[in-house]
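A.B. asks: When you get a sec, could you give me coordinates for this:
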Amino acid sequence: MLKKFSLFFVSICLLCLITMPVHAQESVTVMGVWTGAEADAFLKMVEPFEEETGIKVEFTGTRDLPAILNTRVQAGNPPDVAAMPNPGQMASFASQGRLVPLANFMDRETLLTQYSDAWLQLGSYDGQLYSIFISADLKSMVWYNPKAFAAAGYEVPSTWDELMVLSDKMLADGNTPWAIGLESGAASGWPGTDWIEDIMLRIAPPETYDAWVNHEIAWTNETVMEAFEIFGKIAKSNEYVYGGPNAVLTIPFGDSADALFTDPPNAYMHRQATFIKGFILEHFPDLVPGEDFDFFPFPAIKEEYGTPALGAADMLAMFNDTPEARAFMEYVASAKAQEIWVAELGKLAPNKKVDPMVYPDDITRKAADFLGEASVFRFDGSDLMPAAVGSGSFWTGILDYVSGEPLRNVLMQIEASALDAYRD
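C.D. replies: Numbering: from 1, shown residues only. Here you go, the predicted model:
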């Protein structure tokens, strides 16, 4: 009898073990565009979070993020957290009620001690904060050779008028002010779009820039025409730019800054993003950042619009309101997380509390300061436009304009493509 009871008891215990719920490890699912080295950097960034919280970060990286994310959201199966390709898609999801307002658990006043208001506004929709930015690339930069400037007696300008006075002084001295290269294979023309975008932000309010990107104003609008004309005064000139327009059209963008480091210099200034530093050091490995090359912010044109920052950035938003997702968002917003991320990738941190010593040199630290303090930040406009325009007619329009085609014809061609692209 005792033996039968013992067998019965063991059977009951085994049944309990089989049927009792198993406590799964706490986790947060994250989807982003990062693969390869970028994905490795992301996983390194989240290691301390996993160790300290016990929460497992389940990361999926895909270059086809916009389409896959949209499909999963529409199917009711979004990740807990996802990188947003741009503020436009964030606003779209927010308008559909798909995103979790971060004010549910994050205090705006506390965030303002870490981020400039421009970053919080860019991550907001209809007055609600939905996205946190974790890194950025800065484009509003003019590169120069400090030693060549000093030898020629040139001073760094702070306004557009001063910049043009300096350019004219260089011409009078027999020097060429600018180096520009628009060649980039199938993507040729894109460096010129960055010029137009930076100028647009400096001759009109940021709302005008937004309206232009969204095709709420036509490409033949007088502000757009003015931006092209300002760019054209330099890029279409045989005097202001090294090699004249023919060279502008044929010099690869990654080689264009080389003109600053010949002896004597073939040119003295080059407008390009933070990533040009890599090309400079690849071509001239003995140069010392901050000594042999440096940058100053692309200057204000109309004083009332200041010196906005143009660039691209990585932003995260939350689809599922779970304790794990909340903890993850608070972590990536922190200086601790961003210090790991930017140190691995050479990007800039929006969080002002990031230790500047994580950056590899003074140039990068200066760029981070400019980005963190900017009163206005806007995404690269061509990246936000439909591909038929942003990476299509806008790119080719730049080439046509520099080649000598009348500006109004160029803008009418872009406008025609925009009418189709935005209707679709």
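A.B. asks: Going by C-alpha atoms from here, please, whenever you check contacts or count neighbours.
C.D. replies: Noted.
A.B. asks: the strands in this protein, which residues?
C.D. replies: Ranges of strands in the chain, per DSSP state E, are 27-32, 56-61, 81-84, 124-125, 128-129, 131-138, 141-144, 269-271, 294-297, 309-318, 377-379.
A.B. asks: Identify whichever of the ones you listed lies nearest to residue 328.
C.D. replies: Among those, the nearest to residue 328 by C-alpha to C-alpha is strand 27-32 (7.6 Å).
A.B. asks: Partner strands of the closest one and their direction?
C.D. replies: Sheet pairing of strand 27-32 (DSSP bridges) gives strand 56-61 (parallel), strand 81-84 (parallel).
A.B. asks: quick one: the helices in the stretch 251-400 of the chain?
C.D. replies: For the stretch 251-400 of the chain, the helices defined by DSSP state H, counting those that start in this stretch cover 276-283, 323-332, 335-345, 362-373, 381-384, 387-388, 394-403.
A.B. asks: Pick the most deeply packed of these.
C.D. replies: Most buried of those, by mean neighbour count (mean count of other C-alpha atoms under 10 Å): helix 394-403, with a mean of 22.
A.B. asks: Relative to residue 47, which of the strands of the chain is closest?
C.D. replies: strand 56-61 (8.7 Å).
A.B. asks: Just the C-alphas of that closest one, formatted as PDB.
C.D. replies: The C-alpha coordinates for strand 56-61 follow below in PDB (Å, rounded to 0.1, in the frame of the first residue of the first chain):
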ATOM      1  CA  LYS A  56      17.500  40.400 -22.300                       C
ATOM      2  CA  VAL A  57      17.600  42.700 -25.400                       C
ATOM      3  CA  GLU A  58      16.400  40.700 -28.400                       C
ATOM      4  CA  PHE A  59      17.700  42.700 -31.400                       C
ATOM      5  CA  THR A  60      16.800  42.300 -35.000                       C
ATOM      6  CA  GLY A  61      18.700  44.300 -37.600                       C
END
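A.B. asks: what angle separates it from helix 323-332?
C.D. replies: When axes from the mean of the first three to the mean of the last three C-alpha atoms, to 10 degrees is applied, the directions of strand 56-61 and helix 323-332 differ by 70 degrees.
A.B. asks: Report the separation between the two terminal residues of stretch 138-155.
C.D. replies: 23 Å (C-alpha to C-alpha, to the nearest Å).
A.B. asks: Can you add mean pLDDT, distance to residue 412 and mean neighbour count and give the strands of the chain back as JSON lines?
C.D. replies: Below are these laid out as JSON lines (pLDDT from 0 to 100; distance: least, C-alpha to C-alpha, whole Å; neighbours: other C-alpha atoms under 10 Å):
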{"stretch": "strand 27-32", "mean pLDDT": "97", "distance to residue 412": "37", "mean neighbour count": "21"}
{"stretch": "strand 56-61", "mean pLDDT": "96", "distance to residue 412": "39", "mean neighbour count": "16"}
{"stretch": "strand 81-84", "mean pLDDT": "94", "distance to residue 412": "32", "mean neighbour count": "24"}
{"stretch": "strand 124-125", "mean pLDDT": "94", "distance to residue 412": "32", "mean neighbour count": "20"}
{"stretch": "strand 128-129", "mean pLDDT": "97", "distance to residue 412": "37", "mean neighbour count": "18"}
{"stretch": "strand 131-138", "mean pLDDT": "94", "distance to residue 412": "30", "mean neighbour count": "25"}
{"stretch": "strand 141-144", "mean pLDDT": "98", "distance to residue 412": "30", "mean neighbour count": "22"}
{"stretch": "strand 269-271", "mean pLDDT": "98", "distance to residue 412": "27", "mean neighbour count": "25"}
{"stretch": "strand 294-297", "mean pLDDT": "98", "distance to residue 412": "32", "mean neighbour count": "22"}
{"stretch": "strand 309-318", "mean pLDDT": "94", "distance to residue 412": "25", "mean neighbour count": "24"}
{"stretch": "strand 377-379", "mean pLDDT": "92", "distance to residue 412": "24", "mean neighbour count": "23"}
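A.B. asks: can you redo these as a markdown table with distance to residue 104?
C.D. replies: Below are the strands of the chain laid out as a markdown table (distance: least, C-alpha to C-alpha, whole Å):
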| stretch | distance to residue 104 |
| --- | --- |
| strand 27-32 | 18 |
| strand 56-61 | 22 |
| strand 81-84 | 15 |
| strand 124-125 | 14 |
| strand 128-129 | 10 |
| strand 131-138 | 13 |
| strand 141-144 | 37 |
| strand 269-271 | 41 |
| strand 294-297 | 37 |
| strand 309-318 | 11 |
| strand 377-379 | 25 |
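A.B. asks: Sweet, I'm off.
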